[in-house]
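In: next come a sequence and a model predicted from it.
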Amino acid sequence: MCTRDRDDDGTNQQPEEGSVAGDNVKISIIGTGPYRVDGAMELCDADGNRIETQDGKPFFLCRCGQSANKPFCDGTHNRTDWDPALAERG
Ligand code: FES
């Protein structure tokens, strides 16, 4: 269930007790591109609204920050000089 994850003052809220999300979900970094998400899960925006995905099908989240269809990858990363090394943990 999507819930808002921050109070208006920007502090984090605790997840709803008893809510389960993300069982059997796999998130993979795709080379120089997006995150691939596999598994049944719910994707929520910052206001707690559900973002529709196709149940059971993988989807790709933008990692470069330049997609016109955020949070999803639209392939823009292929047409920019974005350096994925900058997004890696150092
Ligand atoms: S990772 Fe593909 S558009 Fe950002």
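Out: Received the coordinates, thanks.

In: distance of the residue nearest to Trp82 when sequence neighbours are not counted from the ligand?
Out: Of all residues not flanking Trp82 in the chain, Cys64 sits nearest, at 4.3 Å (C-beta to C-beta, 6 or more residues apart in numbering). Quick note: C-beta positions are derived from backbone N, CA and C, even for glycine. Distance from Cys64 to the ligand, counting by C-beta to the nearest ligand atom, to the nearest Å: 3 Å.

In: just Asn78 next, same as before
Out: Using C-beta to the nearest ligand atom, Asn78 is found at 7 Å from the ligand.

In: confirm for me that the residue nearest to Trp82 is in contact with Ala87.
Out: Yes. Applying C-beta atoms under 8 Å as the test, Cys64 and Ala87 come out as touching, 7.5 Å apart.

In: higher neighbour count, those two?
Out: Cys64 (18 against 13; other C-beta atoms under 10 Å).

In: close to the ligand: what parts of the protein are there?
Out: Listed as neighbours of the ligand in the chain under the rule C-beta under 6 Å from any ligand atom: Gly33, Pro34, Cys62, Arg63, Cys64, Gln66, Ser67, Cys73, Asp74, Gly75, Thr76, His77.

In: still on that earlier bit, which strand or helix spans the residue nearest to Trp82?
Out: Of the helices and strands defined by DSSP states H and E, none includes Cys64.

In: cool, and the one 4 residues further on?
Out: Secondary structure assignment for Ala68, by DSSP H and E: no helix or strand.

In: give the contact list for the nearest residue to it once chain neighbours are set aside.
Out: Excluding the flanking residues, the one nearest Ala68 by C-beta to C-beta, 6+ apart is Asp74, at 5.6 Å. By C-beta atoms under 8 Å, 6 or more residues apart in numbering, the contact list for Asp74 reads Cys62, Ser67, Ala68.

In: shaky segments in the protein?
Out: 4-23, 89-90 (pLDDT under 70).

In: who wins for neighbours among the contacts of Asp74?
Out: Busiest of the contacts of Asp74 [other C-beta under 10 Å] is Cys62, holding 20 neighbours.

In: many thanks, we can stop here.
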